[in-house]
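A.B. asks: Here's a sequence, model it:
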Amino acid sequence: FIFLFFFLTVYVGACAPSLAPFFEKTHPKDLLETPSENTPSFSLSTGNEKNGEIILSIHSYSLIRYTVSSLLDPLRLVLDFTEMKKGGLPDLFPVNRGVVDKVRTFYFRNGNVLRMEIFLNQDANYHIKAGSENKLSIHLDYAPAQQSKAEESSVPEKPIQTESIPSSEKALLGRSSVTATDTDSCKVLLDEADEKIDLNFQSASLTNILRIFSEISGFNIIIADQVKGNVNIKLHSVPWNQAFKIILDNHQLAIRCIGDNIINVVPLADIEKEIAAQAAIRTAAEKEEALKKAAAINSEAMITEVKRINYGLISDISKSLDPFKSEGGHIIVDKRTNTFILTDLRANIEKMLWSIEIMDKKTPQILIESRIVEVSKDYSKELGIQWGLTGSFAPKDAITDFNSQRDKRVVITDGSGQQGVGNTLVNLGTASTATSGVGIIIGNILSGLDLDIKLSALESEGRGRILSTPKIMTTDNHTAKISSGRQIPFQTTSQEGTQTDFVDAALSLEVTPHVTSDGNVLLDITATKNAADFANVASTDNLPTITTNEAISQVIVQNGGTTVLGGIFERTTTGKEKKVPFFSEIPFLGWLFKNADDADTVSELLIFITPTIVMDNKGTIRGQYPTTLHGAIKH
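C.D. replies: Below you'll find the model as predicted:
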């Protein structure tokens, strides 16, 4: 053992009397009684009084090994000396000079560690210098940070084993600008703590560093035996919880919270094994619970129900039954007979039958009746057609229903510009020729009109004729198509020879109905009119061009109501010639023996569409939810 003596002198001028009790207690002769004790010698002096500098000198006859750390709550500098005794040092002695408030010492017998805590009254710079292996001086002076009064707090006496660090260090010890949250929760350790610290260690023991964090955080830290290694770290003004996490990550460590303030530091691999074991336990528990449920189900009475599907697709309905099936239940699908064989608890069977009853509904059928009428261009006004006008009507029969105000004005674009439509009957004719009009438009039959009687009167007066009255039946949301016209042949020449292609010149009408929940019919209408224009032929082969008109619209019509498409104009030019044989062929004089009669007529094509929902025997198209279920067979 190396014999050391303890001696303390203070050079503070006028303040010397305040330190006299300390000198009396630490006279070297008091320490020489135990030669085997390794105790250091300390001296306290002032440096630059303007900066409030205090110099703490440490001398020993053996190598000084220490660690240093700065803590912020309360503000203090902590030095731990290994293999040193406390001797006759007092536990606490006041200084109250410069930046130093007081000094407190602890001795940990288990680790043979002497701890010295230097309490500061404000932020301070500290600089540690090593004169030799057994001499050390700590310089503390004012820091530029804002002053803040240190709060006293007791530190539990726990030994901290330390390793050597560089002989010269320089750091800034200061408070965090954010007040630390004082709460005793493991979550705070990594989420909410805000006290900042400085760390500077080389080849320091990992377990000792973790013990330092116990002192900083106030948590009780238990270190597993497998945790070993050294730490090389230098951090400045870093939140302690962040520094703690960095050290854990670098050494593949994890923490386990025990209670509110106990942390167990273990290797990460051990935690992963525990998680896997807990997952296996949960899986086993879930299987056991499932077996218990299955046993409970088996103990109940199972029933079987046979249900035949009439209208729906059995594959689609089968998917909707799976959520109602229990683990012991069965659903057998027979596609050949479109039948379900259901085996389950009575409550689940009732839910399945209820779902089937809702989905297995007859799809509504709609009769699409159309009237294709050719009239003079002014007769549509007399028919009472409201072109381009939206209104609100409450008809008794066969009337289109519109859901907006009657006095609303709309704008219809034609070839020459824009034309406003008011709340009066308007015939959208053409400004010049019939073939340059607005094309296909949607109209509305006004109330109080018997359409069939009016159309019959039309033919009797010779002002129009009914071309056809096709009817077609379709189901809800399925397209019905009506087409009438001709195909015009066109010859094309290629290397393979002359080929003849046909182009449709027809009136085509496609209607997709949908029955709404209130009994009306929503119609998606696509009308196309392609016609050969023999007045405009190709210059090469004298073939006519094809004129195309198309309208796509969506309207809501009451069941049995009528909507109309118009604006399809046709211009017909005819020429008649009466002449006297032989004499009419004489040049110039032949005009005296013949008469030419040319006629140019314009007609409009109107398409009336009347959707009618086909009712069932009960006079309804909507089903009802089942109230009672029968036919269950007990096992």
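
A.B. asks: alpha carbons only for contacts and neighbour counts from here, please
C.D. replies: OK.

A.B. asks: Identify the residues contacting F502.
C.D. replies: By Cα atoms under 8 Å, 6 or more residues apart in numbering, the contact set of F502 is Q487, I488, P489, F490.

A.B. asks: Helix or strand for it, just tell me which one.
C.D. replies: strand 497-515 (DSSP states H and E).

A.B. asks: Show me what counts as buried in that strand.
C.D. replies: For strand 497-515, the neighbour count (16 or more other Cα atoms under 10 Å) marks D504, A505, A506, L507, S508, L509, E510, V511, T512, P513, H514, V515 as buried.

A.B. asks: got the buried residues for the longest strand along the chain?
C.D. replies: Determined from DSSP state E, the single longest strand within the chain is strand 594-614. Of the residues in strand 594-614, 602-614 count as buried by neighbour count, 16+ other Cα under 10 Å.

A.B. asks: one step back: how about the buried residues of strand 497-515 in CSV, adding distance to S203 and pLDDT?
C.D. replies: Putting the buried residues of strand 497-515 into CSV (distance: Cα to Cα, whole Å; pLDDT from 0 to 100) gives the following:
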residue, distance to S203, pLDDT
D504, 93, 82
A505, 95, 82
A506, 95, 83
L507, 94, 81
S508, 91, 85
L509, 90, 86
E510, 87, 90
V511, 86, 91
T512, 83, 93
P513, 84, 93
H514, 82, 92
V515, 83, 91
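
A.B. asks: how far away is T67 from I138?
C.D. replies: 13 Å (Cα to Cα, to the nearest Å).

A.B. asks: mean confidence for the helix or strand hosting T67?
C.D. replies: Following DSSP H and E, one finds T67 within strand 66-72. Mean pLDDT, strand 66-72: 78.

A.B. asks: quick one: strands adjacent to the helix or strand following that strand?
C.D. replies: Next along the chain after strand 66-72, taking DSSP H and E as the criterion, comes strand 75-82. For strand 75-82, sheet partners with direction are given as strand 66-72 (antiparallel), strand 113-120 (antiparallel), following DSSP bridges.

A.B. asks: Mind listing what's buried along the helix or strand following the longest one?
C.D. replies: As assigned by DSSP H and E, the chain's next helix or strand after strand 113-120 is strand 124-132. Under the neighbour-count criterion of 16+ other Cα under 10 Å, strand 124-132 has A124, N125, Y126, H127, I128, K129, A130 buried.

A.B. asks: Only alpha carbons, please: show strand 124-132 as PDB.
C.D. replies: Written as PDB, here are the backbone C-alpha positions of strand 124-132 (Å, rounded to 0.1, in the frame of the first residue of the first chain):
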ATOM      1  CA  ALA A 124     -19.800  27.600 -14.900                       C
ATOM      2  CA  ASN A 125     -16.800  26.600 -17.100                       C
ATOM      3  CA  TYR A 126     -14.600  23.900 -15.700                       C
ATOM      4  CA  HIS A 127     -11.100  23.000 -16.800                       C
ATOM      5  CA  ILE A 128      -9.200  20.100 -15.400                       C
ATOM      6  CA  LYS A 129      -5.400  20.100 -15.700                       C
ATOM      7  CA  ALA A 130      -3.000  17.300 -14.700                       C
ATOM      8  CA  GLY A 131       0.400  18.400 -13.600                       C
ATOM      9  CA  SER A 132       1.600  14.800 -13.200                       C
END
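
A.B. asks: what packs against that strand?
C.D. replies: strand 135-142, strand 169-173 (3 or more Cα pairs under 8 Å, 6 or more residues apart in numbering; DSSP states H and E).

A.B. asks: Least reliable of these by average pLDDT, please.
C.D. replies: strand 169-173 (a mean of 33).

A.B. asks: so S517 sits in a helix?
C.D. replies: No. Counting by DSSP: H, G, I helix; E, B strand; the rest coil, S517 is not part of a helix but coil.

A.B. asks: Domain map for this structure?
C.D. replies: The chain breaks down into these domains under automatic domain parsing: 1-175, 176-288, 300-359, 366-478+551-614.

A.B. asks: can you tell me the average pLDDT over the shortest one?
C.D. replies: For domain 300-359, mean pLDDT is 88.

A.B. asks: next one: stretch 555-569
C.D. replies: 83.
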